[in-house]
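*Asks:* Sequence below, structure please.
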Amino acid sequence: MTPDADLGYRALSMLGPRTVARLARELGMPQSRVSRALDELVAVEAVRPVPTAANAGYRSRDALVWEAVTLERVLNALRKRRTPDSALERWRLHIATVTGVGLTALEGASVRRWPTRAAARQRAASLTAAERHEHLAINTEEVFDAEATAAALPLDSSILARGIRLRVLGLPPSDGDRLSAYATALGRSGGMYRELSALPLKVMIFDRRVALVPSDPLDLEKGYIEVADAPVVRGLAGMFDRLWTDGIDPREQGVPPIDLSNRELALVRLLAMGYTDQSAAQELRLSVRTVAYTMRHLMDRLGVENRFQLALLLGSAGAAPQPPRYGDSGAQEPADAATT
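*Replies:* Numbering: from 1, shown residues only. Predicted coordinates for the structure are as follows:
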């Protein structure tokens with residue numbers, strides 16, 4: 001075991017049950033290090049969630065209260081352990097720590113490993129063809145490359161064409177663009193898509209009966225694990241439902257809303273109509289310096305460098321009323337518009 005795992009086990013043995021956050025505070029360690037140490041301890045069954053009402057149902061690993069298993073039981077378990085498949089063991093550990101679902105009892109037909117990403121895609125296509133009700137997916141990639149999008153969209157289209165409910169959770173694009181190409185394409189096909197800033201694992205769930213999870217969460221090319229164990233699949237589906245409730249549809253959000261003060265709104269509208277700073281100041285009974293200061297403050301607040309960028313941002317956000325077009329009924333051209 002690593003020194004952190006050894007320290008964590010000793011602390012839980014001496015201090016009693018603790019959450020990850022409390023243990024991190026008492027040890028003076030970052031919570032991320034304590035979480036990794038807990039991963040090691042869960043893998044060798046040296047710690048376990050405290051069986052209390054507070055821990056019932058889905059709770060994230062860090063929210064659970066953990067206790068140390070007696071040293072004698074830990075040593076006996078270690079002596080009996082066979083050398084496991086490293087990918088399968090990492091997968092068991094990952095699922096256990098993010099869902100609280102124990103996987104040590106999985107045997108035989110309930111678990112099947114697909115050793116490559118290509119083989120897993122073929123298996124996913126087969127499972128998708130057999131679906132009848134619902135398809136759930138969590139994607140942990142920040143960016144969908146062309147290959148991944150090309151592989152995903154035909155499957156999505158085939159699912160939706162058969163009237164199957166499709167829900168996908170993903171991460172916001174790393175470039176900050178709320179409308180990724182994948183989300184847009186999925187929405188046009190009739191699928192439902194939401195995003196969260198953090199997701200625990202990548203998974204596909206077929207009719208809530210079978211799930212595909214990466215063998216190694218850090219390397220998708222190492223293939224996937226297929227699990228048909230009913231309690232584990234129910235746990236994964238329940239986790240998905242709770243994450244879905246907190247997700248945001250980027251197509252409904254669009255560009256972040258921009259609130260303008262009454263002065264900013266009036267000034268932006270006049271400038272959009274062709275007024276200069278001086279004529280807009282006269283119209284609003286302000287000094288030219290106040291107009292310039294107001295515009296500079298607005299640009300700084302919205303993080304743009306010039307008025308052209310400001311106009312694009314306000315236009316895309318719909319933050320200012322559209323100016324009347326000259327020649328429309330009732331529209332009046334500002335007196336000095338010819339000089340702008």
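
*Asks:* Checking residue 193 next. Helix, strand or coil?
*Replies:* Secondary structure assignment for residue 193 (DSSP: H, G, I helix; E, B strand; the rest coil): strand.

*Asks:* Show me what it is bridged to.
*Replies:* residue 168 (DSSP bridges).

*Asks:* Which secondary structure state is assigned to the nearest residue to residue 114 once chain neighbours are set aside?
*Replies:* Closest residue to residue 114 apart from its sequence neighbours, by C-beta to C-beta, 6 or more residues apart in numbering: residue 120 at 4.2 Å. The way it works is simple: take the backbone N, C-alpha and C, and place the C-beta from them, glycine included. In terms of secondary structure, residue 120 is helix; the call rests on three-state DSSP.

*Asks:* Which helix or strand lies directly C-terminal to the lowest-mean-pLDDT helix or strand in the chain?
*Replies:* Of the helices and strands making up the chain, the lowest-confidence element is helix 86-99, at a mean of 55, by mean pLDDT, DSSP states H and E. The first helix or strand that comes after helix 86-99 along the chain, using DSSP states H and E, is strand 111-114.

*Asks:* any idea of the mean pLDDT for that following strand?
*Replies:* Across strand 111-114, pLDDT averages out at 83.

*Asks:* Walking through this protein, point out its helices one by one.
*Replies:* For the chain, the helices defined by DSSP state H occupy 3-15, 20-27, 31-43, 71-80, 86-99, 117-130, 146-161, 181-189, 230-246, 250-253, 262-272, 277-284, 288-302, 307-317.

*Asks:* between the ones you listed, which gets nearest to residue 222?
*Replies:* helix 86-99 (5.8 Å; C-beta to C-beta).

*Asks:* before we move on, the earlier item: go ahead and confirm the residue nearest to residue 114 touches residue 224.
*Replies:* Yes: under the criterion of C-beta atoms under 8 Å, residue 120 makes contact with residue 224 at 3.7 Å.

*Asks:* of the two, who's got more company?
*Replies:* Each of residue 120 and residue 224 has its neighbours counted (other C-beta atoms under 10 Å); residue 224 has more, 28 against 24.

*Asks:* who touches that one in this structure?
*Replies:* Contact partners of residue 224, counting by C-beta atoms under 8 Å, 6 or more residues apart in numbering, are 113, 114, 117, 120, 123, 212, 213, 214, 215.

*Asks:* rerun at 10 Å
*Replies:* Residue 224 makes contacts with 87, 91, 112-117, 119-121, 123-124, 202-204, 211-216, as judged by C-beta atoms under 10 Å, 6 or more residues apart in numbering.

*Asks:* Where does pLDDT dip in the stretch 1-150 of the chain?
*Replies:* 51-62, 79-109, 142-150 (pLDDT under 70).

*Asks:* Repeat the analysis, applying 90 as the threshold.
*Replies:* 1-8, 10, 14-15, 18-21, 24-66, 70-122, 124-125, 128-129, 139-150 (pLDDT under 90).
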